[in-house]
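**Q** take a look and give me a structure for this.
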Amino acid sequence: MNKKQSIYLDYAASTPIDPDILNQMNKIVLDHFYNPSEIYQEAVLSRKVLEDSRLRVSQTLEVKSSEIIFVAGGTEANNLAISGIMENFKDSNLIVSSIEHASILKPAEQYDYKIVPVNAQGLVEIDKLAKLIDQNTVLISILLVNNEIGVIQDLKSITNLIKKIVANRRSQGNSLPLYFHTDGCQALNYLRLRPTRLGVDLMSLNGSKIYGPKQSGALFVKSGTKITPIILGGGQEFNLRSGTENLANIYGFSVACQKAQFILKDEVKRITQIRDYLIQELSLNPKIKINGSLRHRVANNINFRIEGIDNEWLILKLDSEGIMVSSGSACNASKQELSHVLKAIKLSDDQIRSSIRVTLGRRTTMEEIKILLKYINKLI
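**A** Purely as a prediction, here's the structure:
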């Protein structure tokens with residue numbers, strides 16, 4: 001295959017920006033460079049772009065505009081969620097799952113934290129979560145869709161557990177809140193996201209995963225949540241994220257968020273057909289096994305291992321044919337670390353080193369998947 005005819009199958013790492021959104025952003029850059037905090041007319045118009053963007057996101061998620069805090073991507077959103085809560089409750093502890101993104105695990109390590117395990121399918125063991133929650137637990141953070149194995153967590157069951165624990169605390173005179181945060185960065189393209197229906201107090205979103213600009217995103221913060229800023233300064237974003245707003249990125253993120261949810265039904269149907277075909281064809285080879293739950297899996301993710309094949313070798317071979325796949329999280333790829341997610345679902349080191357992640361997107365076609373299968377079979 002000609003290298004110029006590239007096949008991109010790493011949409012969980014990053015998505016190409018939507019051309020229409022980019023064109024609109026360019027206009028924002030040129031026409032609304034004014035600081036939205038100023039009071040003259042042009043700055044007021046820029047402020048309107050900011051608040052219209054906030055309204056667009058809030059209406060898409062069916063929450064209040066004041067509950068949307070614009071940030072520079074999912075990593076910042078996760079850091080604000082973890083540190084913003086824990087700095088208010090320094091004598092308390094938090095619980096995270098063993099398959100969280102590094103931007104959850106790293107800030108959690110700065111506090112008193114516990115890790116809840118997942119089963120071999122990648123699903124949080126809720127009975128073990130219940131045992132980990134004590135009278136000083138103030139925050140639970142469980143990602144909605146895992147970026148490596150695509151497993152969708154049962155957040156509603158966790159929400160029900162939290163409600164029971166909070167009610168029990170109140171009966172014992174313990175007024176400590178128990179907040180629930182979810183990293184929804186990988187979910188917005190393929191799941192109908194409504195934070196209030198999920199029962200979460202905080203939710204992180206990332207523009208670069210939804211065909212918006214990089215370094216854009218938002219943190220949903222439910223009204224009444226006691227959270228403190230991690231970036232101090234002029235008090236923008238309801239005093240939770242200081243700094244002059246990147247208006248073009250915020251606007252681009254808001255439109256991408258709205259579009260992702262608008263086209264969700266048709267895109268999920270299309271992508272699921274392609275994904276299921278790939279899983280079906282891969283499963284014909286006894287040397288290939290799928291990692292993670294088949295039932296509780298987001299529409300665009302296929303993570304699999306090939307017995308006796310080194311994943312780095314396979315990735316480079318496929319790349320030489322113009323096919324781009326990955327071994328998992330882009331954050332770990334450059335460090336050449338074994339995936340903590342695959343370790344958490346009890347894969348051996350050899351199985352992890354033979355695992356590949358293929359993630360589909362809006363540009364993916366069935367023909368591209370057939371080409372991928374052709375080269376995988378050839379290389380095996």
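
**Q** please count neighbours and contacts with C-alpha atoms only from this point.
**A** OK.

**Q** which residues touch the closest residue to residue 297 other than its chain neighbours?
**A** What sits nearest to residue 297 in space, not counting adjacent residues and going by CA to CA, 6 or more residues apart in numbering, is residue 151, at 4.5 Å. When contacts are counted by CA atoms under 8 Å, 6 or more residues apart in numbering, residue 151 is found next to 121, 122, 123, 145, 292, 293, 296, 297, 298.

**Q** over to residue 311?
**A** Going by CA under 8 Å, 6+ apart, the list of residues near residue 311 reads 327, 353, 354, 355, 356.

**Q** and the closest residue to residue 18 other than its chain neighbours, helix, strand or coil?
**A** The shortest distance from residue 18 to any non-neighbouring residue, by CA to CA, 6+ apart, is to residue 211 (5.2 Å). With DSSP: H, G, I helix; E, B strand; the rest coil as the basis, residue 211 sits in coil.

**Q** so residue 211 touches residue 20, yeah?
**A** No. Applying CA atoms under 8 Å, one finds residue 211 not in contact with residue 20, separated by 10.3 Å.

**Q** out of those two, which sits in the busier spot?
**A** residue 211 (27 against 11; other CA atoms under 10 Å).

**Q** run through the neighbouring helices and strands of the longest helix anywhere in the chain.
**A** Ranked by residue count, the top helix of the chain under DSSP state H comes out as helix 41-61. Contact partners of helix 41-61 among helices and strands, from 3 or more CA pairs under 8 Å, 6 or more residues apart in numbering; DSSP states H and E: strand 68-71, helix 247-262.

**Q** buried ones in it?
**A** Residues of helix 41-61 classed as buried under the neighbour-count rule (16 or more other CA atoms under 10 Å) are 42-47, 49-51, 53-58, 60-61.

**Q** so for that helix, what's the average pLDDT?
**A** Mean pLDDT, helix 41-61: 96.

**Q** now stretch 155-166
**A** 96.

**Q** need the contact partners of the one helix or strand residue 84 maps to.
**A** Assigned by DSSP states H and E, residue 84 falls within helix 74-86. With CA under 8 Å, 6+ apart as the test, helix 74-86 has contacts from 71, 92-94, 103-104, 107-108, 111, 138-139, 181, 183, 185, 202, 204-207, 216-219, 226-230.

**Q** mind checking how far the residue lying farthest from the centre of the chain is from residue 34?
**A** Largest separation from the mean C-alpha position in the chain: residue 40, at 38.0 Å (CA atoms, centre = their mean). Look at residue 40 and residue 34: by CA to CA, to the nearest Å, they are 10 Å apart.

**Q** ok, residue 244 next?
**A** From residue 244 to residue 34 the distance is 10 Å (CA to CA).
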